[in-house]
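K.L.:
Okay, predicted coordinates and the sequence, questions at the end:
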Amino acid sequence: MASAGKDGIVKVWDCRNWKGVVREWSVRGSGSDTQVEWSQRGFLATTSGGNVNVCMQIIIFFLAHFE
């Protein structure tokens, strides 16, 4: 699950254990509403202030386990 807000912070959660945020980062172009959407192929797209960022699911979880 992914969440985002007006502060420009995107958080990815693992709903299987609810131990907290798996990964958290600030998107470019914050200051306006940040929106997140998972694709059917496992990509996470974030939009904020006219900028679009697309992350691969494997990268999100790989980095979360090594921070």
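P.N.:
Noted; the coordinates are in hand.

K.L.:
contacts and neighbour counts: CA atoms only from here.
P.N.:
Noted.

K.L.:
Next, name the residue at the spatial heart of this protein.
P.N.:
Centroid-nearest residue in the chain: Val10, 4.3 Å away (criterion: C-alpha atoms, centre = their mean).

K.L.:
For that residue, give me its contacts.
P.N.:
Val10 is in contact with Ala2, Ser3, Ala4, Glu24, Trp25, Ser26, Val27, Val36, counting by C-alpha atoms under 8 Å, 6 or more residues apart in numbering.

K.L.:
Out of those residues, which sit inside strands?
P.N.:
Secondary structure assignment (DSSP state E) places Ala2, Ser3, Ala4, Glu24, Trp25, Ser26, Val36 from those within strands.

K.L.:
What's opposite the nearest residue to the last one once chain neighbours are set aside in the beta bridge?
P.N.:
Closest residue in space to Val36, ignoring its immediate chain neighbours: Thr46 at 4.5 Å, by C-alpha to C-alpha, 6 or more residues apart in numbering. Thr46 has these beta-bridge partners by DSSP bridges: Val36, Asn53.

K.L.:
Looks like Asp14 contacts Arg23 (just checking).
P.N.:
No: applying C-alpha atoms under 8 Å, one finds Asp14 not in contact with Arg23, separated by 9.4 Å.

K.L.:
still on that earlier bit, okay, and the residue nearest to the centre of the chain sits in which element?
P.N.:
In the assignment (DSSP states H and E), Val10 maps to strand 9-13.

K.L.:
on that earlier part again, ok, for the residue nearest to the centre of the chain, nearest residue in space, not its chain neighbours?
P.N.:
Using C-alpha to C-alpha, 6+ apart and skipping the chain neighbours, the partner closest in space to Val10 is Ala4 (4.5 Å).
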